[in-house]
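Colleague: here's a sequence, model it:
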Amino acid sequence: MSRTLIYGIVGTLVLSSGAIAISVPNQTPTPKSSDVSSRNRQIIAQSSINTTTIEQSVFQQINNYRGSQNLPVLLKNSAADNQAKIHSQNMASGRVPFGHSGFKQRVQAIGIPYISAGENVAYNQGYSDPAKQAVQSWLQSPGHLANIRGNYNLTGIGVASGPNGKIYVTQIFLRV
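Modeller: Next comes the predicted model:
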């Protein structure tokens, strides 16, 4: 089965003036050949993906890592979860490209005052544990790791599956 993983990161800092700095790397997925037909992969993806389970697994793995580093655990925020879910759904459906487009608007839509915010996104395909694959990849990336280890106290996680079997993961980090 073909396995692909692409991830992106953005770290933002909201200054007292309300300015925001966003850094988005250019990342292009590399198509790989597959010995499983696209149609079969779609059927498997649509029948076996439980996005709620993946979201919970990402949350637990991130907090387990933070705990192992003597960092405070993150608390879930339902409004942040909702914005992360919408972004993952939009990427999965092709309404927005993979990445961080609209990050500032997502964070503002959460509707709570915040000091700083960051976001990690990933997609993968063909892995038996997409949450583990996303988190392990983030932990190996300096920019993603900086968000995971960052001075945040709230998080929101959203997962969506695309018609092509890709699993999209968005994690928003907030310091309030």
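Colleague: quick one: average pLDDT of the helix or strand hosting Asn120?
Modeller: Assessed by DSSP states H and E, Asn120 sits inside strand 116-125. Averaged over strand 116-125, pLDDT sits at 96.
Colleague: adjacent strands (with direction) for it?
Modeller: According to DSSP bridges, strand 116-125 forms sheet pairs with strand 4-13 (antiparallel), strand 167-175 (antiparallel).
Colleague: so how far is Val121 from Ser101?
Modeller: 10 Å (CB to CB, to the nearest Å). Heads up, the C-betas are built off the backbone N, CA and C, glycines and all.
Colleague: also Lys132?
Modeller: Taken as CB to CB, the span from Lys132 to Val121 is 16 Å.
Colleague: try Trp138
Modeller: Using CB to CB, Trp138 is found at 10 Å from Val121.
Colleague: more neighbours: the two, which one.
Modeller: Taking neighbours as other CB atoms under 10 Å, Trp138 and Val121 compare with Val121 leading, 27 against 24.
Colleague: doesn't Ile167 make contact with that one?
Modeller: No: using CB atoms under 8 Å, Val121 makes no contact with Ile167, being 11.5 Å away.
Colleague: give the buried residues for stretch 73-85.
Modeller: Residues 74, 77, 80-85 are the ones in stretch 73-85 that count as buried (16 or more other CB atoms under 10 Å).
Colleague: and the angle from the longest helix along the chain to strand 167-175?
Modeller: Using DSSP state H, we find that the single longest helix of the chain is helix 51-68. Going by axes from the mean of the first three to the mean of the last three CA atoms, to 10 degrees, helix 51-68 is angled at 50 degrees with respect to strand 167-175.
Colleague: other SSEs contacting the helix or strand following helix 51-68?
Modeller: Sequence order places strand 75-76 as the next helix or strand after helix 51-68, per DSSP H and E. The contact analysis (3 or more CB pairs under 8 Å, 6 or more residues apart in numbering; DSSP states H and E) places strand 75-76 against strand 154-161.
Colleague: sheet partners, orientation included, of the strand it packs on?
Modeller: Paired neighbours of strand 154-161 in the sheet (DSSP bridges): strand 75-76 (parallel), strand 167-175 (antiparallel).
Colleague: which elements pack onto whichever strand or helix holds Ala92?
Modeller: Per DSSP H and E: Ala92 is located in helix 78-93. Counting contacts by 3+ CB pairs under 8 Å, 6+ apart, helix 78-93 packs against helix 103-110, strand 116-125, strand 154-161, strand 167-175.
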